[in-house]
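> fold the following for me, if possible:
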Amino acid sequence: MASIWACGPPRASYNYADQRIIMATRNGRHAKIRELVTKRHVASQEQLARLLAAEGIPVTQSTLSRDIRILGLVKVRGSYQAASELGPAPDQMRRRLQELVVRTSHAGNIVVLKTAPGNAHSLGVALDSAEWPEVLGTVAGDDTVFVVVRRPRLARKVVRRIEELQP
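So this is what the prediction gives:
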């Protein structure tokens, strides 16, 4: 008879309490990461790893990188911030656009936003969190964000909105 387990049956010594400890550790680590990036200027993963180690939470680079992605942290002007802090509030969006957008243009239903090197991701996250109804989504590189809108005429509207929010 063939086994129903793809990798063999579970170990007899598997302890579900261990899994709860792992989850508690991850949740605790995430809470500490959020606290650190909120209270301090954290410029790099190395610095964040050192801060966590000082708190008694050793972490590998790959785990930290995954945690940063899961928590939605982005680098803005050289410091990690929670993407939720970039939120859709108009004054926050105005500030982000003023800080990050260097040039705007559009072609068809795609708006192209140029930023200083390294800032496109932060701008893309801010635009996604704004949930503008015309915007289907964003794709960010290093210094360019492509904003895909529903129809070409809406691209002009989005460019006008961005330009109005800038100085």
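> which parts of this protein are strands?
For the chain, the strands defined by DSSP state E occupy 73-76, 79-82, 101-107, 110-115, 135-140, 144-149.
> quick one: buried residues of the second one?
Of the residues in strand 79-82, those with enough neighbours to count as buried (16 or more other CB atoms under 10 Å) are Tyr80, Gln81, Ala82. From N, CA and C alone the C-beta is placed, and that goes for glycine too.
> same question for the longest one.
Buried residues in strand 101-107, defined by neighbour count with 16+ other CB under 10 Å: Val101, Thr104, His106.
> which ones are touching the first one?
Val101 makes contact with Leu113, Lys114, Thr115, Leu123, Ile162, Gln166, according to CB atoms under 8 Å, 6 or more residues apart in numbering.
> ok, these vs Val42, which is closest?
Closest to Val42 out of the contacts of Val101 is Leu123 (19.7 Å), distances taken as CB to CB.
> spatially, what comes nearest to that closest one if we skip its sequence neighbours?
Leu100 (4.5 Å; CB to CB, 6 or more residues apart in numbering).
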